[in-house]
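J.: here are the coordinates; sequence isn't available:
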């Protein structure tokens, strides 16, 4: 199965700083790369995704970049706000087979006001 | 409804009892997944339903766990003879079509506590 690792496991920043979370994966056939945000007491919520034919995608303060050669993709959050504090998960998927993604272990982002 | 609905939101049960957890996916979503999340941990895959195909049960941790999906919509996860290690948040997610690689929409989960 796919090996997925996220780094760092915990990230603490000051409000207004940028935050970057990296996800490495092992299956070169993976072609869909989403990021989920999980707030306390809630289920994960899809916040941004990218497909293998695109290198970068932006949505306001968040962006995802993909390096297929190196098999990693990253979540970038600019101008962080306290409400960005949450656990973030990556979950790459490969086509075919079971279509069941392997989730990373999560990154806890803490934004200090 | 607009989102994935799970019930109950919280369940406390005695060790050895059976429990049923319910998931109402988004209407029209053909793919439905159950995950388990222990305190401070990541998401552990349990079972996956896709349309009328046989479910992928490869993630079920023991034969005490089972799930069904009736009419391609509502799903029930059943845990028999609950143990304390079953305590976790059980999350359900649905997706329009697995083949097109859409992201999941998760419910808020059922927090199960076995005492």
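T.: In hand now; what should we look at? Nothing here was measured: the structure is a model prediction, and the numbers come from that model.
J.: can you pull out the strands in chain A?
T.: Using DSSP state E, the strands of chain A run over residues A:4-7, A:10-14, A:19-25, A:32-38, A:45-51, A:56-59, A:62-67, A:72-77, A:86-90, A:107-112.
J.: how about those strands in a markdown table, adding mean pLDDT, mean neighbour count and distance to residue B:73?
T.: C-beta: built from backbone N, CA, C; applies to glycine. Formatted as a markdown table, the strands of chain A follow (pLDDT from 0 to 100; neighbours: other CB atoms under 10 Å in any protein chain shown; distance: least, CB to CB, whole Å):
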| stretch | mean pLDDT | mean neighbour count | distance to residue B:73 |
| --- | --- | --- | --- |
| strand A:4-7 | 95 | 17 | 30 |
| strand A:10-14 | 98 | 13 | 39 |
| strand A:19-25 | 97 | 21 | 32 |
| strand A:32-38 | 94 | 24 | 24 |
| strand A:45-51 | 94 | 17 | 21 |
| strand A:56-59 | 95 | 12 | 31 |
| strand A:62-67 | 97 | 18 | 32 |
| strand A:72-77 | 98 | 22 | 33 |
| strand A:86-90 | 97 | 23 | 26 |
| strand A:107-112 | 98 | 17 | 34 |
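J.: could I get these as JSON lines with distance to residue B:12?
T.: Below are the strands of chain A laid out as JSON lines (distance: least, CB to CB, whole Å):
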{"stretch": "strand A:4-7", "distance to residue B:12": "32"}
{"stretch": "strand A:10-14", "distance to residue B:12": "30"}
{"stretch": "strand A:19-25", "distance to residue B:12": "35"}
{"stretch": "strand A:32-38", "distance to residue B:12": "23"}
{"stretch": "strand A:45-51", "distance to residue B:12": "26"}
{"stretch": "strand A:56-59", "distance to residue B:12": "40"}
{"stretch": "strand A:62-67", "distance to residue B:12": "37"}
{"stretch": "strand A:72-77", "distance to residue B:12": "36"}
{"stretch": "strand A:86-90", "distance to residue B:12": "24"}
{"stretch": "strand A:107-112", "distance to residue B:12": "27"}
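J.: and those strands: which comes nearest residue B:106?
T.: Nearest to residue B:106, of all the strands of chain A, is strand A:45-51, at 6.9 Å by CB to CB.
J.: quick one, that closest one and strand A:72-77 angle?
T.: In terms of direction (axes from the mean of the first three to the mean of the last three CA atoms, to 10 degrees), strand A:45-51 departs from strand A:72-77 by 130 degrees.
J.: show me what strand A:45-51 is packed against.
T.: Here strand A:45-51 touches strand A:32-38, strand A:56-59, strand A:62-67, going by 3 or more CB pairs under 8 Å, 6 or more residues apart in numbering or on different chains; DSSP states H and E.
J.: name the nearest residue to residue 41, sequence neighbours excluded.
T.: As the question left the chain open, I've gone with chain A. residue B:108 (7.4 Å; CB to CB, 6 or more residues apart in numbering or on different chains).
J.: wait, chain B
T.: Per CB to CB, 6+ apart, closest to residue B:41 is residue A:105, 7.3 Å.
J.: for residue A:5, same thing?
T.: Nearest non-adjacent residue to residue A:5, counting by CB to CB, 6+ apart: residue A:24, 4.9 Å away.
J.: next: residue B:57.
T.: Per CB to CB, 6+ apart, closest to residue B:57 is residue B:47, 5.2 Å.
J.: repeat that for residue B:28.
T.: Closest to residue B:28 by CB to CB, 6+ apart is residue B:96, at 7.0 Å.
J.: which ones are touching that neighbour?
T.: B:28, B:29, B:30, B:31, B:102 (CB atoms under 8 Å, 6 or more residues apart in numbering or on different chains).
J.: much appreciated, bye for now.
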